[in-house]
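Student: Structure, please.
(one chain, ligands or ions: 3)
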Amino acid sequence: MSSYDARFRVWRGDAEGGDLTDFSVKVNDGEVVLDIIHRIQATQASDLAVRWNCKAGKCGSCSAEINGRPRLMCMTRMSVFDREDVITVTPLRAFPVVRDLVTDVGFNYAKAREIPAFVPPAGVGPGEYRMQQEDVDRSQEFRKCIECFLCQDTCHAVRDHEENKAAFAGPRFLMRVAELDMHPLDAASDSGLDRKRTAQEDHGLGYCNITKCCTEVCPEGIHITDNALIPLKERAVDRKYDPVVWLGNKIRRR
Ligand code: SF4
Ligand code: F3S
Ligand code: FES
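Tutor: Ligands and ions are numbered 1, 2, ... in the order given. This is a model prediction of the structure:
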């Protein structure tokens, strides 16, 4: 096994502020960035705060920015960098810092709670649901989400505009709305809930201008933009300009 000394710069601080700290640290063949952060913690900075859990790319806890790119630390191999590179690890920029590499991602849980849940169809019991396989496959892709919130962190509508957070749910949760809206058994509309309308009016679908940065950073390879956001936009626009819907709205407003 070969090893070398890498140069790391790790952000240290809290909500009041902080700075990058330099470390020289041993790297062995096959290691990932999270291994190196753990080695720094074990040998040089025992109070370094870092959140992780599975070390297998499945819990979504170890999200951070590595050389400015939102990534999972446990899935970023050291072999993707040159040995001479300085590797900078910083907390997710879009969320408030708790300490060092740990951020408060509560914004995302608040947005999740704003989306009304799946409404089971009347008269159909558990075990009686029937769907076409292609409908199952479509939502299965979105179900791969591990809630790492890298997409939320990278979307410029949140990342560069704190003021948008109140009105914009972000890609992960617009994808959830899209999944429910295309679910053939979701009976939300029977109780008057129009998911296409709420996507625009309550969850800020219009803030997305299809930059696709969310899709680029998703560690699960979910086609967030092409398979969730663009189809949802298309359906929302169709609904808005559907003459029958337009007439119905006019009559209802009278
Ligand atoms: Fe992470 Fe992808 Fe889920 Fe976004 S959609 S939270 S990037 S797994
Ligand atoms: Fe943001 Fe993704 Fe749209 S990065 S702008 S939600 S395509
Ligand atoms: Fe679970 Fe990285 S530690 S995804």
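Student: Low-confidence regions, this structure specifically.
Tutor: Segments of the chain classed as low confidence (criterion: pLDDT under 70) are 239-254.
Student: And the spatially most central residue of the chain, how far from ligand 1?
Tutor: Centroid-nearest residue in the chain, with C-alpha atoms, centre = their mean: F149, separated by 3.0 Å. Relative to ligand 1, F149 is positioned 5 Å away (C-beta to the nearest ligand atom, to the nearest Å). Any C-beta I mention is one placed from the backbone N, CA and C, and that applies to glycine too.
Student: element containing the residue in the stretch 1-150 of the chain that ligand 1 sits nearest to, please.
Tutor: In the stretch 1-150 of the chain, the residue that lies nearest ligand 1 is C145 (3.3 Å; C-beta to the nearest ligand atom). Here C145 sits in a region with no helix or strand, counting by DSSP states H and E.
Student: which secondary structure elements does the helix or strand E141 falls within contact?
Tutor: E141 is part of helix 133-143, with elements assigned from DSSP H and E. If contacts are counted by 3 or more C-beta pairs under 8 Å, 6 or more residues apart in numbering; DSSP states H and E, helix 133-143 sits against helix 171-181.
Student: which residues are in contact with stretch 90-108?
Tutor: When contacts are taken as C-beta atoms under 8 Å, 6 or more residues apart in numbering, the neighbours of stretch 90-108 outside the stretch itself are 10-15, 18, 20, 37, 48-51, 63-65, 68, 70, 89, 147, 149-150, 152-155, 158-159, 165, 170, 172-173.
Student: can you count the residues close to I146?
Tutor: Taking other C-beta atoms under 10 Å as the neighbour definition, I146 ends up with a count of 18.
Student: give me phi/psi at it?
Tutor: Here the main-chain torsion angles of I146 (degrees, to the nearest 10) amount to phi -100, psi 10.
Student: Could you check which helix or strand contains D153?
Tutor: Secondary-structure assignment from DSSP H and E places D153 in helix 150-154.
Student: Now do the helix holding E141 against helix 171-181, angle only.
Tutor: On the basis of axes from the mean of the first three to the mean of the last three C-alpha atoms, to 10 degrees, helix 133-143 is oriented at 160 degrees to helix 171-181.
Student: Run through the residues that contact D226.
Tutor: When contacts are counted by C-beta under 8 Å, 6+ apart, D226 is found next to K212, T215.
Student: sec struct for it, please.
Tutor: Classification of D226 using DSSP: H, G, I helix; E, B strand; the rest coil returns helix.
Student: Offset the numbering so it begins at 643, please.
Tutor: With the count now opening at 643, the last piece we talked about shows up as D868.
Student: before we move on, the earlier item: touching ligand 1 at all, the next helix-or-strand element following the helix holding D795?
Tutor: From helix 792-796 onward toward the C-terminus, using DSSP H and E, the following helix or strand is helix 798-801. No: judged by C-beta under 6 Å from any ligand atom, helix 798-801 makes no contact with ligand 1; its nearest approach is 12.0 Å.
Student: Which neighbouring elements make contact with helix 798-801?
Tutor: Right, helix 798-801 is packed against no helix or strand by 3+ C-beta pairs under 8 Å, 6+ apart.
Student: Show me the strands in this protein, by range?
Tutor: Along the chain, the segments classed as strands by DSSP state E run 645-656, 659-670, 705-708, 711-714, 728-732, 739-741, 744-745.
Student: For M817, which non-adjacent residue is closest in space?
Tutor: Taking C-beta to C-beta, 6 or more residues apart in numbering, and ignoring the residues beside it in sequence, M817 has A870 as its nearest neighbour in space, at 4.1 Å.
Student: For the chain, which residues are neighbours of ligand 2?
Tutor: Residues of the chain that fall close to ligand 2, judged by C-beta under 6 Å from any ligand atom: C797, A799, P813, C850, N851, I852, T853, K854, C855, C856, T867, L871.
Student: so who does P763 touch?
Tutor: If a contact means C-beta under 8 Å, 6+ apart, then P763 has Y771, L827, A829 as its contacts.
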